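Colleague: Kindly return the folded structure for what I paste below:
(chains A and B)
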Amino acid sequence: NAGVTQTPKFRVLKTGQSMTLLCAQDMNHEYMYWYRQDPGMGLRLIHYSVGEGTTAKGEVPDGYNVSRLKKQNFLLGLESAAPSQTSVYFCASVASGRGYEQYFGPGTRLTVT
Amino acid sequence: GDSVTQMEGPVTLSEEAFLTINCTYTATGYPSLFWYVQYPGEGLQLLLKATKADDKGSNKGFEATYRKETTSFHLEKGSVQVSDSAVYFCALSLSGAGNMLTFGGGTRLMVKP
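Modeller: Residues are numbered from 1 along each chain as shown, chains lettered A, B, ... in the order given. The predicted structure is shown next:
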């Protein structure tokens, strides 16, 4: 049982390049989330999904797209990277129902130059 | 909207000192409350939780009690260790909202030998 895994762990992009971050969970969780963490700003929700084939915007969705084609995977895409997207990205998942905790992946550190 | 406020850090303590990190919340319903911990270079891990008023969550010597009358969920530990140095996040979630977490800004704890 690997929990929540993220690929890659580190990435450096040039401005305007694109990339996809992959999140996978093996706990059969319904809900999945993408956050970014910036120094002094805590975690901010980018997008989330409440089930396979569904996605919704969070607090800071601009510049990102997501897809949830399979229940266990949640992809975060950057179509044209900008320096403002330099951050640490965390994926999380949780079972549906009240009071369950979110499980977090180890994070992806992205630098856009 | 829903929000979580926690004391700003950093909090610097000597080993074996008593720890309190204050957390208060505002929510439209009856939230579940969580404390997460983030060690350097890692993702967030659940430390403890409480799902209804007067519940006490506890783990690894840490405790927090869900106080509905004061809308608080303060984190305490009687004797901190150097290994407790980390960033602590208070968070709430409401059922029916995709189990989304609303985070406080985080409190960095530094414990000196």
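Colleague: Could you use CA atoms for every contact and neighbour count after this?
Modeller: Fine.
Colleague: got a list of what the spatially most central residue of chain A touches?
Modeller: Nearest residue to the geometric centre of chain A (CA atoms, centre = their mean): residue A:34, 2.8 Å. By CA atoms under 8 Å, 6 or more residues apart in numbering or on different chains, residue A:34 lies in contact with A:45-48, A:76, A:89-92.
Colleague: helix or strand for the closest residue in space to it that isn't next to it in sequence, which one?
Modeller: Nearest residue to residue A:34, sequence neighbours excluded (CA to CA, 6 or more residues apart in numbering or on different chains): residue A:91, at 4.6 Å. Element membership of residue A:91, judged by DSSP states H and E, is strand A:87-94.
Colleague: And the contacts of that strand?
Modeller: A:4, A:6, A:23, A:25, A:29-38, A:100-111, B:43, B:99.
Colleague: Show me where the chain has its strands.
Modeller: Since no chain was named, I'll use chain A. If DSSP state E is used as the criterion, the strands of chain A fall at A:4-7, A:10-13, A:19-25, A:31-37, A:43-49, A:56-57, A:65-67, A:73-78, A:87-94, A:103-104, A:108-112.
Colleague: other chain: chain B
Modeller: Here chain B has its strands, by DSSP E, at B:3-6, B:11-14, B:19-21, B:23-26, B:32-38, B:44-50, B:56-59, B:62-65, B:75-77, B:86-93, B:101-103, B:107-112.
Colleague: roughly how far apart are the residue nearest to the centre of chain A and chain B?
Modeller: Relative to chain B, residue A:34 is positioned 11 Å away (CA to the nearest CA, to the nearest Å).
Colleague: how much space is there between that residue and residue A:61?
Modeller: 10 Å (CA to CA, to the nearest Å).
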